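Chemist: Pasting the sequence and the predicted coordinates here, then a few questions.
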Amino acid sequence: MSEKKKSIATVVSQDIISVGIYSMWLSFPKEQDVAAAAVPGQFISLYCKDGSCLLPRPISICDINKEESSLRIVYRIVGKGTQEFSELLPGDTIMVVGPLGNGFTPKSGKSILIGGGIGIPPMLALAKSLSDEVSVVLGYRTNDLFLKDEFVSYAKVYVSTEDGSAGTKGNVIDAIRAEGLEADTIYACGPVPMLRGVKAFAEEQGIAAQISMEEKMACGIGACLACVCQSAEKDAHSNVNNKRVCKDGPVFDANELLFSTEFGK
Amino acid sequence: MSTSVNLSVDFAGVPMRNPVTTASGTFGSGAEYSEFVDLSALGAVTTKGVASVPWPGNQTPRICETYGGMLNAIGLQNPGIDLFLKRDIPFLKQYDTRIIVNVCGKTPEEYVRVVERLAEEEVDLLEINISCPNVKAGGIAFGQDPVSVEKITSQIKDRAKQPVIMKLSPNVTDIAQIAQAAEAGGADAVSLINTLTGMKIDINRRTFALANKTGGMSGPAVKPIAVRMVYQVAQVVKIPVLGMGGITTAEDALEFIMAGATMVAVGTANFHNPSATVEIIQGIEQFMRENKVADIRELIGCVR
Ligand SMILES: Cc1cc2nc3c(=O)[nH]c(=O)nc-3n(C[C@H](O)[C@H](O)[C@H](O)COP(=O)(O)OP(=O)(O)OC[C@H]3O[C@@H](n4cnc5c(N)ncnc54)[C@H](O)[C@@H]3O)c2cc1C
Ligand SMILES: Cc1cc2nc3c(=O)[nH]c(=O)nc-3n(C[C@H](O)[C@H](O)[C@H](O)COP(=O)(O)O)c2cc1C
Ligand code: FES
């Protein structure tokens, strides 16, 4: 009850970290415990002031500062909503709902964190939270390697680029094979084709994998059934082979997911 | 100062604390939104359409944003009546609010099966969706022709234990005629509008924004059409009207009420502001105080 998760956040800082990519720290009212409740892999919904943009914009949590009660997001400008966010200045406020969804479940042992494109930011919060041996594999299109340097203190970092301008030419799986990386657990976030590849790779190698999914959202809290993905088993909530990315995810055990094109059952 | 104002209404024989409910499909069965609003503050909760068996719904993308609105083609994904009765009704019973169950089906028999299952349940009203534009069979097919509207209404009324609200499609030539057909079939009330069929093209991918190609449009952009239709219907039927379509603020809700709606539903606005429903109720109350309206019934259909 009572607006538990709805807050007015204040912009602490806003920095351009690459072409069209911004990093923003948001601070939350102390009594709401938004940062205290947040775990890597969860997201927040940001609401636009422009009334023509009705729907919340889901953005992953990139870093968590519990002492300052603040969260960091890193986002790319793709349309009107992210454009509006990029124009916010320190001291400005924005309506936020979150933290939302289920994050990653940290496991002990060796891990490989895989981030593709704008799926890279949530892997930073995760890299910081893991203590055992961590390798991070970041997939980019070109040699605009945003956020890469920030991973260095927490993990061994490997890169793949589609154009071959840095690291392994190809995709993240090509980089893992080229470097001969091994792990007990894989954690991944990125575009669906990449995630499909990660699931297949994890199955081939017999490694457990946690995968963060993306889908268009309307409510962001599990009520409207806009954001579903196909699940291998009948889901307890939906009673069909669909899970809600916003509520049951965005992070799923790879075994829970089906990446086929045949929908539902 | 704080003179008390009366927001309660009688809707098809059911007393409501206030005239505000949720629009089916935008609020689930209330569980998720109960973290943002006190469900007991609402006149009623209207649940997502439920069928006799689970439906998987359409492929994704199921929604997209449009200027001041959105398109959806969820395809009536629902867990089926068995799980709904076991889980969702007991959940809602914890709150002091009315329950309106929205029913969908592909054939008249399927609607009737759900309605019969609901007969012994503690639900207050049934809302029959004969206007969903996003499923191939059923839905809108029943709602676009007055003869079939009257027929399915009377088939459902034969079996229903609770008062029946027929939910009308705006995708028709003459909404007043459809509403009269529902009334003739024995409907206790009508609700409108369901979504308007629309389309969006993703010019970068050169394809449809929705997997279903078309979707139902909702949100503030459709409000003037909805107000017009509620007004037209209220002029020609004696049964009460539940008005919806783009209601985002108390002012919007008051437009519908003045146009003739006894109750209003808040849908897409929940996505823009999860506490929209209670803010709208508070806003209506404030408007009444400021304008010295002692009873909401003075406003219902006051614009003729
Ligand atoms: C769980 C999750 C986490 C995300 N994390 C990040 C992140 O950390 N950084 C980042 O830059 N982006 C992230 N995204 C993508 C981000 O939500 C979109 O880029 C953003 O919503 C675009 O809004 P817009 O108004 O600028 O674009 P527009 O294209 O104008 O948006 C129109 C509508 O489409 C939706 N939309 C557009 N692109 C996407 C997309 N890729 N995924 C889901 N909805 C979309 C918008 O929310 C809006 O409703 C994430 C998406 C999801 C689902
Ligand atoms: C995501 C979504 C799902 C919906 N699902 C249903 C449904 O299951 N049954 C139904 O009768 N109407 C459904 N509707 C229609 C709404 O109840 C309402 O009639 C319409 O959206 C107009 O109101 P609004 O502009 O306030 O949203 C749905 C609308 C949306 C946006
Ligand atoms: S966005 Fe509504 S259920 Fe996920």
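Modeler: It's in. Numbering: from 1, shown residues only, chains lettered A, B, ... in the order given. Ligands and ions are numbered 1, 2, ... in the order given.

Chemist: So residue A:219 is in contact with residue A:245, correct?
Modeler: No. With contacts counted by C-beta atoms under 8 Å, residue A:219 stays clear of residue A:245, the gap being 11.6 Å. Every C-beta, even on glycine, is put in place using the N, C-alpha and C of the backbone.

Chemist: quick one: residue B:151 from residue B:128, how far?
Modeler: 13 Å (C-beta to C-beta, to the nearest Å).

Chemist: quick one: low-confidence ranges for the stretch 101-250 of chain B?
Modeler: Residues of the stretch 101-250 of chain B that meet the criterion pLDDT under 70 lie in B:133-140.

Chemist: got the residue ranges for the strands in it?
Modeler: B:125-129, B:164-167, B:189-192, B:196-199, B:201-202, B:207-208, B:214-218, B:241-243 (DSSP state E, counting those that start in this stretch).

Chemist: Please identify the buried residues of the first one?
Modeler: Looking back up the chat, that one is strand B:125-129. Neighbour-count burial for strand B:125-129, counted by 16 or more other C-beta atoms under 10 Å in any protein chain shown, picks out B:125-129.

Chemist: same question, stretch A:42-59
Modeler: By 16+ other C-beta under 10 Å, the buried positions in stretch A:42-59 come out as A:42-48, A:53-59.

Chemist: I'd like these written out as a markdown table, with secondary structure added.
Modeler: Putting the buried residues of stretch A:42-59 into a markdown table (DSSP: H, G, I helix; E, B strand; the rest coil) gives the following:
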| residue | secondary structure |
| --- | --- |
| A:42 | coil |
| A:43 | strand |
| A:44 | strand |
| A:45 | strand |
| A:46 | strand |
| A:47 | coil |
| A:48 | coil |
| A:53 | coil |
| A:54 | coil |
| A:55 | coil |
| A:56 | coil |
| A:57 | strand |
| A:58 | strand |
| A:59 | strand |
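
Chemist: Now do the contacts for residue A:115.
Modeler: Taking C-beta atoms under 8 Å, 6 or more residues apart in numbering or on different chains as the criterion, residue A:115 is in contact with A:121-123, A:136-139, A:188-190.

Chemist: right, and the pair among the buried residues of strand B:125-129 with maximum separation?
Modeler: For the buried residues of strand B:125-129, the farthest-apart pair by C-beta to C-beta is B:125 and B:129; their separation is 13.3 Å.

Chemist: circling back: give me the subset of the buried residues of strand B:125-129 touching ligand 2.
Modeler: The overlap between these and the neighbours of ligand 2 (C-beta under 6 Å from any ligand atom) comes to residue B:129.

Chemist: Could you single out the nearest of the buried residues of strand B:125-129 to residue A:175?
Modeler: Using C-beta to C-beta, residue B:129 comes nearest to residue A:175 of the buried residues of strand B:125-129, at 50.2 Å.

Chemist: Show me what that closest one is bridged to.
Modeler: On the basis of DSSP bridges, residue B:129 is bridged to residue B:167.

Chemist: For residue 122, give me phi and psi.
Modeler: Going with chain A. phi -60, psi -20 (degrees, to the nearest 10).

Chemist: Going by neighbour count, which residues of the lengthiest helix in chain A are buried?
Modeler: Ranked by residue count and defined by DSSP state H, the top helix of chain A is helix A:192-205. Residues A:194-195, A:197-199, A:201-202 are the ones in helix A:192-205 that count as buried (16+ other C-beta under 10 Å).

Chemist: do the same with stretch B:76-84
Modeler: Buried, per 16+ other C-beta under 10 Å, within stretch B:76-84: B:76-81, B:83-84.

Chemist: So what touches it?
Modeler: By C-beta under 8 Å, 6+ apart, stretch B:76-84 touches A:225, A:228, A:237-240, A:242, A:264, B:29, B:47-58, B:87, B:104, B:113-114, B:117-118, B:129, B:132, B:134-135, B:139.

Chemist: and if you look at stretch B:219-236?
Modeler: A:51, A:54, B:66-70, B:168, B:170, B:175-176, B:179-180, B:190, B:192-193, B:195-196, B:241, B:243-248, B:252, B:255-256, B:259-261, B:268-269, B:301, B:303-304.

Chemist: Check the residues you listed one by one and keep those near ligand 2.
Modeler: Near ligand 2, taking C-beta under 6 Å from any ligand atom as the test, the members of these found are B:195, B:244-247, B:268-269.

Chemist: how about TSV for the residues you listed, with neighbour count and distance to ligand 3 added?
Modeler: Output for those, formatted as TSV (neighbours: other C-beta atoms under 10 Å in any protein chain shown; distance: C-beta to the nearest ligand atom, whole Å):
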residue	neighbour count	distance to ligand 3
B:195	29	16
B:244	31	19
B:245	31	20
B:246	25	19
B:247	30	19
B:268	31	12
B:269	26	14
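
Chemist: about what we covered before: only whichever of the contacts of stretch B:219-236 are buried, select them in PyMOL.
Modeler: The PyMOL selection below is limited to those of the contacts of stretch B:219-236 classed as buried (16+ other C-beta under 10 Å):
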select buried, (chain A and resi 54) or (chain B and resi 66+68+69+70+168+170+175+176+179+180+190+192+193+195+196+241+243+244+245+246+247+248+252+255+256+259+260+261+268+269+301)
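
Chemist: all helices for chain A, in order.
Modeler: Ranges of helices in chain A, per DSSP H, are A:34-37, A:80-86, A:121-129, A:148-151, A:172-179, A:192-205.

Chemist: between the ones you listed, which one is nearest to ligand 3?
Modeler: Nearest to ligand 3 among the helices of chain A is helix A:80-86 (15.0 Å), distances taken as C-beta to the nearest ligand atom.

Chemist: list the buried ones in that closest one?
Modeler: A:81-82, A:84-86.

Chemist: circling back: will you turn the buried residues of stretch A:42-59 into CSV that also has distance to residue B:18?
Modeler: Shown next, in CSV, are the buried residues of stretch A:42-59 (distance: C-beta to C-beta, whole Å):
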residue, distance to residue B:18
A:42, 35
A:43, 34
A:44, 32
A:45, 28
A:46, 31
A:47, 26
A:48, 29
A:53, 29
A:54, 24
A:55, 27
A:56, 27
A:57, 32
A:58, 32
A:59, 35
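
Chemist: can you list the residues you listed in JSON lines and add pLDDT?
Modeler: Output for the buried residues of stretch A:42-59, formatted as JSON lines (pLDDT from 0 to 100):
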{"residue": "A:42", "pLDDT": "98"}
{"residue": "A:43", "pLDDT": "98"}
{"residue": "A:44", "pLDDT": "97"}
{"residue": "A:45", "pLDDT": "98"}
{"residue": "A:46", "pLDDT": "98"}
{"residue": "A:47", "pLDDT": "98"}
{"residue": "A:48", "pLDDT": "97"}
{"residue": "A:53", "pLDDT": "96"}
{"residue": "A:54", "pLDDT": "97"}
{"residue": "A:55", "pLDDT": "98"}
{"residue": "A:56", "pLDDT": "98"}
{"residue": "A:57", "pLDDT": "98"}
{"residue": "A:58", "pLDDT": "98"}
{"residue": "A:59", "pLDDT": "98"}
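
Chemist: Off-centre distance for the longest helix of chain A?
Modeler: In terms of C-alpha atoms, centre = their mean, to the nearest Å, the centre of helix A:192-205 is found 17 Å from the chain centre.

Chemist: One more: stretch B:105-122?
Modeler: The answer for stretch B:105-122 is 18 Å, by C-alpha atoms, centre = their mean.

Chemist: quick one: is that stretch near chain A?
Modeler: No. With C-beta under 8 Å from any C-beta of the partner chain as the criterion, chain A is not reached by stretch B:105-122; the gap is at least 14.7 Å.

Chemist: residues of that stretch that come out buried?
Modeler: So, applying 16+ other C-beta under 10 Å, buried residues of stretch B:105-122: B:105-106, B:110-115, B:117-118.

Chemist: and whatever residue of chain A ends up closest to ligand 2, how many neighbours?
Modeler: Of all residues in chain A, residue A:224 sits closest to ligand 2, at 4.5 Å by C-beta to the nearest ligand atom. The local packing of residue A:224 (other C-beta atoms under 10 Å in any protein chain shown) involves 28 other residues.
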